[in-house]
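# Mind looking at a prediction? Sequence and model below.
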Amino acid sequence: MLKLEKVDVSYGSIKALHGISLEVKTGEIVALIGANGAGKSTTLRTISGLLKPSNKDSKVIFKDEYIHGIREGGRKYECMPPYRIVEMGLSHVPEGRHVFPLMTVYENLLMGAHSRKGKPGESDFDRVYHHFPRLKERIKQMAGTLSGGEQQMVAMGRALMASPSLLILDEPSMGLAPMLVEEIFHIIEDINVAGTTILLVEQNAHLALEISNRAYVLETGTVVLEGQAQDLAKNEAIRKSYLGE
Amino acid sequence: MALKKLLNNWIVQVLLFLSILGLTAFGSQIINDITPPYILMIGLFIGINLIMALGLNLITGVTGQLTLGHAAFMSIGAYASAIATVNYDIPFLLGVLIGGLVAGLVGIIIGFPTLRLTGDYLAIATLGFAEIVRVQFTNMKITNGAIGFLGIEGSTTFPIVMTIAVTVVFAMVWLENSRNGRAMLAIREDEVASSAVGINTTLYKIQAFAIGAFCAGVGGALFAHTTTFIQPTDFGFLKSIDILSIVVLGGLGSIPGTIIGAIVLTAAPEVLRPLSNYRMMVYGLLLVVIMIFRPYGLMGGVNLRQAVRRAIMWPKKKQPGRGE
């Protein structure tokens, strides 16, 4: 469904990603794990079009269409703007939640459906409320007044309103109480079961490996390890560096 | 609830708009006939400032893009309409429309390069643009340079200004509650999140800029046909700040606030006229005091619907545990 090939990304003169290649297949949960500064968020931001690759031979392909890259028969390196990528069915929940603080929960969800033509129906809202029953109780509350966990739910619910086929989540557990983290991860599994492919960036490698099918380990902007999640969870090096054993 | 549902129907909205528009036209005609010219003139300038301030409110208040070049769009509208009516004998109202359209078009052209900037940087860029426009008008032949453009007919009347102002108010309310308006609000709230949910941020920023510039152009055209004489110094940096003050003092993003701001800030210098030399000092003091006591503007942070509901509910609600 999603494929990255040899992607470099730079912030000015500082290179953050060195030739990242990875793949997400339909129906999977794929995790990106790694230490701070490994380039996990940068990878996601490149996929959703907020950043652009710096090398011309890189490719980012989503559903057989080029997000970044030189199209077949074409000569120019082209980058899709973020809104087009959302229209194609790829939703990004940015790190640090980024809800619209002065809008109500309902309005936040409504904004999530912006990329779709026409008004979102009841069924779209119901699908979100099904995953996040707590949001239904708070539809009229300003999103900025919610707790961190609820804001994370708003951000995820908002992304779901676009009916994405691929949902990319950047650190959904950031700054949340352990119990809430468990809850959020259960919901992520539910969303996946309901038919959405998920690409996940997570500091909490333990939990991430538990729910995902496959995982990539990033270190200073390169993929150093990849494989089935269970295998990685048993890997000696991983256990030492990321699982704290 | 029934009322709310009724108000959501677009036919009802159109009827409501038309009836209020008719009422305004009729009412302002009567006011026009019985009010002394001096007071009428103040009312007229309130209307013009309101039209321009609503435009700026859309750019700065709703979409969150701080610009300091609103007077430039005003001057473009003023000169374009003046040239149209004087040099080409185009009817006044069509001239006003031309003024707005030309200003809006320039807004789009200027918007593309400048709206990549944000915050303070955008403010400085628009400031620079405004200076370029002013200097340009000072040196052009068709605008009669620094001497000023003479012989514009004084066609602007109180009813015309009020009718246009009410139309702009309605258009802004409608826009704010539309899909586009929500997207603009979202950009102010959080630009990263806006692009993440699939909002074409550049498109909506330019849209806001164009509509705001159009309003400024219409205001400028009405201004030109009120004073009958315009010169580049009428549209300096201070004029931009005057309009910005209206928006900030009223409450960024609030339409009722902008209306109140336009009334207060346009009328204040006239009301304070008896103070002669101390007038502008007191005016400045007024600004300072308002911003201290209402830091988010007069109507900032006030949910009008809630406030009205509370005002209606007030006598019925008993406060438990107090007295009696």
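Ah, there it is.
# Could you pull up the residues touching the residue nearest the centre of chain A?
Nearest residue to the geometric centre of chain A (CA atoms, centre = their mean): residue A:168, 1.7 Å. By CB atoms under 8 Å, 6 or more residues apart in numbering or on different chains, the residues touching residue A:168 are A:44, A:47, A:48, A:90, A:91, A:92, A:93, A:198, A:199, A:200, A:201. For the C-beta atoms, the positions are set from N, CA and C on the backbone; glycine is no exception.
# how does it look with 6 Å?
With contact set as CB atoms under 6 Å, 6 or more residues apart in numbering or on different chains, residue A:168 has these partners: A:44, A:92, A:199.
# partner residues bridging it?
Going by DSSP bridges, residue A:168 is paired in beta bridges with residue A:92, residue A:199.
# ok, back up a step: which one of the contacts of residue A:168 sits closest to chain B?
The shortest gap between chain B and any of the contacts of residue A:168 belongs to residue A:92, at 4.8 Å (CB to the nearest CB).
# for chain B, what are the nearby residues on chain A?
Residues of chain A found near chain B (CB under 6 Å from any CB of the partner chain) are A:82, A:83, A:86, A:92, A:94, A:98, A:100, A:102, A:111, A:112, A:114, A:115.
# Near chain A, which residues of chain B are found?
With CB under 6 Å from any CB as the criterion, chain B meets chain A at residues B:186, B:189, B:190, B:192, B:193, B:195, B:196, B:197, B:198, B:199, B:200.
# any idea how far the third one lies from residue A:48?
Using CB to CB, to the nearest Å, one obtains 15 Å as the distance from residue B:190 to residue A:48.
# okay, those two: which has more neighbours?
Per other CB atoms under 10 Å in any protein chain shown, whichever of residue B:190 and residue A:48 has more neighbours is residue A:48, with 25 against 21.
# How much space separates the closest residue to that one other than its chain neighbours from residue A:9?
Spatially, and ignoring its direct neighbours in sequence, residue A:48 is nearest to residue A:92 (3.8 Å; CB to CB, 6 or more residues apart in numbering or on different chains). Note on residue A:92: its distance to residue A:9, by CB to CB, is 15 Å.
# Those two: which is more packed in?
A side-by-side neighbour count of residue A:92 and residue A:9, using other CB under 10 Å, places residue A:92 first with 31 against 23.
# To which secondary structure element type does the residue with the largest distance to the centre of chain A belong?
Taking CA atoms, centre = their mean as the measure, the residue most remote from the mean C-alpha position of chain A is residue A:73, 30.7 Å away. Taken by DSSP: H, G, I helix; E, B strand; the rest coil, the conformation at residue A:73 corresponds to coil.
# hang on, the earlier thing: return the member of the residues of chain B next to chain A nearest to residue B:264.
Closest approach between the residues of chain B next to chain A and residue B:264, by CB to CB: residue B:189, at 27.6 Å.
# where in chain A is pLDDT low?
Flagging of chain A using pLDDT under 70 yields the residue ranges A:243-245.
# Residue A:197 reaches residue A:166, doesn't it?
Yes. Counting by CB atoms under 6 Å, residue A:166 is a contact partner of residue A:197 at 4.7 Å.
# Check the contact lists of these two and give me the overlap.
Common neighbours of residue A:197 and residue A:166, using CB under 6 Å, 6+ apart, are residue A:1.
# follow-up on the earlier one: now rank the residues of chain A next to chain B by neighbours and give me the top one.
With neighbours taken as other CB under 10 Å, the top of the residues of chain A next to chain B is residue A:92, carrying 31 neighbours.
# mind listing what it touches?
Counting by CB under 6 Å, 6+ apart, residue A:92 makes contact with A:48, A:168, B:196.
# Could the C-alpha coordinates of the lengthiest helix in chain A be exported in CSV?
Counting residues, the longest helix found in chain A (DSSP state H) is helix A:178-193. C-alpha atoms of helix A:178-193 as CSV (Å, rounded to 0.1, in the frame of the first residue of the first chain):
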residue,chain,number,x,y,z
PRO,A,178,-0.1,4.3,31.6
MET,A,179,-3.8,3.3,31.8
LEU,A,180,-4.8,5.6,29.0
VAL,A,181,-1.9,4.4,26.9
GLU,A,182,-3.3,0.9,27.1
GLU,A,183,-6.7,2.1,26.2
ILE,A,184,-5.4,4.1,23.2
PHE,A,185,-3.5,1.0,22.0
HIS,A,186,-6.6,-1.2,22.2
ILE,A,187,-8.4,1.4,20.2
ILE,A,188,-5.6,1.3,17.6
GLU,A,189,-6.0,-2.4,17.3
ASP,A,190,-9.8,-2.0,16.9
ILE,A,191,-9.3,0.5,14.2
ASN,A,192,-7.0,-1.9,12.4
VAL,A,193,-9.5,-4.7,12.7
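# Could you list every helix and strand that it packs against?
Packing partners of helix A:178-193 (3 or more CB pairs under 6 Å, 6 or more residues apart in numbering or on different chains; DSSP states H and E): helix A:205-211.
# what's next to the helix or strand following the helix it packs on, contact-wise?
Per DSSP states H and E, the first helix or strand lying C-terminal to helix A:205-211 is strand A:214-219. For strand A:214-219, the surrounding residues in contact (CB under 6 Å, 6+ apart) are A:22, A:30-34, A:38-40, A:209, A:223-226, A:228-229, A:232.
# Stretch B:160-171 now?
With contacts defined as CB under 6 Å, 6+ apart, stretch B:160-171 is touched by B:17, B:21, B:24, B:25, B:28, B:44, B:47, B:50, B:51, B:54, B:222.
# Buried residues, it. List them.
Across stretch B:160-171, burial judged by 16 or more other CB atoms under 10 Å in any protein chain shown covers B:160, B:161, B:162, B:163, B:164, B:165, B:166, B:167, B:168, B:169, B:170.
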